[in-house]
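Q: The following comprises the amino acid sequence and a computationally predicted model.
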Amino acid sequence: MKSKRPNQTVADNEATLREEMEKRGWALSAFSEAAATLARADSTDLLIQEVCSAITTQGPYVLSWVGHAEDDALKTVKVVGAAGSAMGYIKDIIVSWSEDELTGKGPAGTCIRTNKPSIVVDSEVDPGFVFWRDRAREFGIRSAIGCPIPDGETGVPYGSLLVYSKVPNAFGASEVQLFEALAKEIGFGMRSIDRQQRLDDQIHEKQVAQERLSSALMATIEAMGKTMEWRDP
């Protein structure tokens, strides 16, 4: 077996470096675009939708969706928002976060169950992706990452952020770190919006109570005034 020439080795290393830099650039752009949407979203639905849309405008990312970890018997992962050219992939998709279910072996279920990122390096060979392999092939999906979205109040994550790429091995250590950070920001953003909505509801309830009290006082004053008029000779 012939060894590689020095020039060939250098060229291979440069090509690998360019590939890594390109992958990192895709992830950085996705993170930047998605982070910008977090600041302007005023509802959780809008936040999730805009983050997914921002991710799928970058590079090879053909699909992004957020799943909620349901507390039902099958531990279903429910799709609550998605975007991308491969949206058909999640139509009627069955995903679980139970270790006992075959549908819980994928990146969504695994990252929720373990509370750690889960990567599918190549959907064609990953043993945990068997259940969805044919579906992924139909929509040109070759790799994926699932990152847990923290709940902030319980030990179980709220759900997961999923990103799918049309090229294999799209998620190295740097990309994992970026999408993991983004999932945490999504969790923080959702909690902030929820707190603000609860505060707004409390303010509204207080205003309604004040208006009712004011109306009751006015009615009492009017009644007293009429009584005084009747008694005045």
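A: Structure's in. What do you need? The structure displayed is predicted, hence computed values, not measured ones.
Q: Could you list every helix and strand in contact with the lengthiest strand in the chain?
A: In the chain, taking DSSP state E as the definition, the longest strand is strand 61-69. In terms of contacts (3 or more CB pairs under 8 Å, 6 or more residues apart in numbering; DSSP states H and E), strand 61-69 is packed against helix 44-55, strand 77-83, helix 107-114, strand 159-165. C-beta coordinates here come from the backbone N, C-alpha and C atoms, glycine included.
Q: and the ones you listed, which is most packed in?
A: Highest mean neighbour count of the helices and strands packed on strand 61-69: strand 159-165, a mean of 28 (counted as mean count of other CB atoms under 10 Å).
Q: State the paired neighbours of that one in the sheet, together with their directions.
A: When sheet partners are counted by DSSP bridges, strand 159-165 sits next to strand 61-69 (antiparallel), strand 143-149 (antiparallel).
Q: where's the longest strand of the chain relative to the chain centroid, distance-wise?
A: 6 Å (CA atoms, centre = their mean, to the nearest Å).
Q: who's in contact with K116?
A: P148 (CB atoms under 8 Å, 6 or more residues apart in numbering).
Q: wait, I meant F129
A: K105, G106, V120, S123, A136, A144.
Q: follow-up on the earlier one: make CSV from the strands paired with strand 159-165 and add mean pLDDT, mean neighbour count and distance to D100 to it.
A: Shown next, in CSV, are the strands paired with strand 159-165 (pLDDT from 0 to 100; neighbours: other CB atoms under 10 Å; distance: least, CB to CB, whole Å):
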stretch, mean pLDDT, mean neighbour count, distance to D100
strand 61-69, 96, 25, 15
strand 143-149, 97, 27, 18
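Q: Tell me which of those strands lies nearest to L47.
A: Comparison of the strands paired with strand 159-165 against L47 by CB to CB identifies strand 61-69 as nearest, at 9.2 Å.
Q: so which of the strands paired with strand 159-165 comes closest to I93?
A: Of all these, strand 61-69 comes closest under CB to CB, at 9.0 Å.
Q: Which residue ranges of this protein form helices?
A: 6-40, 44-55, 107-114, 133-138, 173-231 (DSSP state H).
Q: coming back round to it: any chance of the strands paired with strand 159-165 in TSV, plus distance to A82?
A: Below are the strands paired with strand 159-165 laid out as TSV (distance: least, CB to CB, whole Å):
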stretch	distance to A82
strand 61-69	4
strand 143-149	13
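Q: and of those, who's closest to F179?
A: strand 143-149 (5.1 Å).
Q: so that closest one versus strand 77-83, what angle?
A: 110 degrees (axes from the mean of the first three to the mean of the last three CA atoms, to 10 degrees).
Q: Output strand 143-149 in PDB with nothing but the alpha carbons.
A: Extracted in PDB, the C-alpha atoms of strand 143-149 (Å, rounded to 0.1, in the frame of the first residue of the first chain):
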ATOM      1  CA  SER A 143     -27.800  13.900   9.700                       C
ATOM      2  CA  ALA A 144     -29.600  15.500  12.700                       C
ATOM      3  CA  ILE A 145     -29.100  16.900  16.200                       C
ATOM      4  CA  GLY A 146     -31.500  17.000  19.100                       C
ATOM      5  CA  CYS A 147     -30.900  19.400  22.100                       C
ATOM      6  CA  PRO A 148     -32.900  19.500  25.300                       C
ATOM      7  CA  ILE A 149     -34.900  22.600  26.000                       C
END
